[in-house]
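Visitor: Sequence and predicted model, in that order:
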Amino acid sequence: MTIQQMEYLVALDKHRQFVKAADACGVTQSTLSMMVKKLEEELDTIIFDRDTQPIRPTAIGEKIISQAKVILFHTEQLKEITTSERVQASGDVHLAIIPTVATDVIPLIIKNIRKDNPDIHLYAYEMMTCDILEKLAKAELDIAIMATPPKNSSLLEIPLYYEKFYAYVSPLDPLYGKAELNSSDLPLERAWMLKEGNCLRDQIFYFSHGKSGYTANYEAGSIDTLVRIVNANGGFTVIPELHLPFLSDTEKENVRPLVSPDVVREISIVIRRDFVRERILNEVANAVKKSIPEHMIDSGLKKFAIRI
């Protein structure tokens, strides 16, 4: 099996059509079809089911393609080692960010990367934590920005910044009269939450000591939606610090600090331990640092470059 054949497999899996996959690889349809067929003969197995439209991998084909993606990832890593002394960082970078971070920082990250590193081709995706971890394991992502996940021996976590949570309270709710709220004693029966799978939701349940009293009348997909729901229906929700500037002056009057204890989450860059594109990693970290207030940035990241 050659690198070229693995690239053809991955392209065909992505496009599910020989014509589109061949165009993406810069070869004729007959060439790609012949090379895939030759590989199937070498392995004595069927990788793609051609009787379906669009075509799809067989069960064994999915396993082969998954391994091919990992091998191609390592191939790119080797190329990076040989080109790491270039003055300008360059190449494709696939970056995933959790939704409660993406809304507030991804526009500025893209802007800063384009301005400072025009030779970096950034592909940014908004993903749930579980999807990010799965794609990192399959080498389908280069870098992730997320609330630091449970310890995983195959991943390296580099703290970027620390973000406080605040309560956003309707003027109609009894909590509105308080200057600050006890984070461990929130009345969850009046809370509006993000849908299941968001780390912010899990963190609220954690510092509130469980789901007691919570009823899922409606679960939103974004912080903006939660704010509008509270405005129209009462109750309260919890929002991250970076979202505060996006509130109107009137809405900012509805914000209350969460104390006893203060509620803070760690946002980190997460990569595979075999990731070697150190220069790219530092450029992404620099773009993030330019996108958030300085007081939030991890002290180590302020002083030192990332070494992997």
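Guide: Alright, I've got the coordinates. Numbers count the residues shown, from 1 in each chain.
Visitor: Output the helix or strand where residue 124 lies in PDB with nothing but the alpha carbons.
Guide: Using DSSP states H and E, residue 124 falls within strand 120-126. Extracted as PDB, the C-alpha positions of strand 120-126 are listed here (Å, rounded to 0.1, in the frame of the first residue of the first chain):
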ATOM      1  CA  ILE A 120      -1.500  29.000   6.900                       C
ATOM      2  CA  HIS A 121      -4.700  27.700   5.500                       C
ATOM      3  CA  LEU A 122      -7.000  27.400   8.500                       C
ATOM      4  CA  TYR A 123     -10.000  25.200   8.400                       C
ATOM      5  CA  ALA A 124     -12.100  25.900  11.600                       C
ATOM      6  CA  TYR A 125     -14.900  23.700  12.800                       C
ATOM      7  CA  GLU A 126     -17.400  24.000  15.700                       C
END
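Visitor: Could you list the domains of the chain?
Guide: Domain segmentation of the chain under automatic domain parsing yields 3-83, 91-161+267-303, 162-264.
Visitor: Let me have these in JSON lines, extended by mean pLDDT and mean neighbour count.
Guide: Any C-beta I mention is one placed from the backbone N, CA and C, and that applies to glycine too. Output for the domains of the chain, formatted as JSON lines (pLDDT from 0 to 100; neighbours: other Cβ atoms under 10 Å):
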{"stretch": "domain 3-83", "mean pLDDT": "87", "mean neighbour count": "15"}
{"stretch": "domain 91-161+267-303", "mean pLDDT": "88", "mean neighbour count": "18"}
{"stretch": "domain 162-264", "mean pLDDT": "85", "mean neighbour count": "16"}
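Visitor: Who does the closest residue to residue 289 other than its chain neighbours form a beta bridge with?
Guide: Sequence neighbours aside, residue 297 is the residue nearest to residue 289 in space, at 5.7 Å (criterion: Cβ to Cβ, 6 or more residues apart in numbering). Residues in a beta bridge with residue 297, per DSSP bridges, are residue 161.
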